[in-house]
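>>> With the input below, show me the fold.
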Amino acid sequence: MEVGRFYCENNDIKLATRSFSYAAMLIVHDVNSLDLIARISLREGRLDDALATQRRAVARQPYEPRQYLMLAEILDKMGRTTEAQKARDKVARLQAMAASQRIAAN
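Numbering: from 1, shown residues only. Predicted structure coming up:
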């Protein structure tokens with residue numbers, strides 16, 4: 001991860017992406033590297049790559065609302081507004097579930 005960040009800071013996107021991909025392969029439960037790859041792809045306009053990467057991040061953290069928010073952002077940029085809205089709806093459901101669990105715990 002740190003090597004990838006170093007390459008990002010030096011604007012070597014190709015090596016940064018390669019480093020983050022390697023980290024994603026090694027750390028199978030972590031999504032930070034996938035998040036960074038998706039953001040790089042999105043920034044470069046490679047929307048299909050960003051979408052595929054973000055779907056992997058969602059699969060690794062299916063109960064994390066921020067993954068669906070990023071997914072919605074990518075889908076919006078692709079013009080896939082119905083799918084983007086479904087991702088935002090999932091965020092609302094996850095937040096409601098978290099709130100009800102907090103209430104039940106008290």
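
>>> show me where this protein has helices.
Assigned by DSSP state H, the chain shows helices spanning 2-9, 13-26, 32-43, 47-60, 65-77, 81-105.

>>> Mind telling me which of these the model trusts least?
With a mean of 77, helix 2-9 has the lowest mean pLDDT of the helices of the chain.

>>> Give me the buried positions along that one.
Buried residues in helix 2-9, counted by 16 or more other CB atoms under 10 Å: 4, 7-8. In this view, the C-beta of every residue, glycine as well, is placed from N, C-alpha and C.

>>> do stretch 94-106 as well
Residues Leu94 are the ones in stretch 94-106 that count as buried (16+ other CB under 10 Å).

>>> Could you check how far that stretch is from the centre of its chain?
Stretch 94-106 has its C-alpha centroid displaced from the chain centroid by 24 Å (CA atoms, centre = their mean, to the nearest Å).

>>> What count of nearby residues applies to the closest residue to Leu36 other than its chain neighbours?
Distances taken as CB to CB, 6 or more residues apart in numbering put Phe20 closest to Leu36, at 5.0 Å, once the chain neighbours are dropped. Number of residues near Phe20 (other CB atoms under 10 Å) recorded here: 26.

>>> Identify the residues contacting the closest residue to Gln95 other than its chain neighbours.
Nearest residue to Gln95, sequence neighbours excluded (CB to CB, 6+ apart): Pro65, at 6.0 Å. By CB atoms under 8 Å, 6 or more residues apart in numbering, the residues touching Pro65 are 90-91, 94-95.

>>> what's the pLDDT at His29?
78.

>>> so it touches Ala57, yeah?
No - applying CB atoms under 8 Å as the test, His29 and Ala57 come out as separate, 11.4 Å apart.

>>> how many other residues sit next to the closest residue in space to Ala23 that isn't next to it in sequence?
Spatial nearest neighbour of Ala23, excluding adjacent residues (CB to CB, 6+ apart): Ser33 at 4.0 Å. Other residues lying near Ser33 total 22 when counted by other CB under 10 Å.
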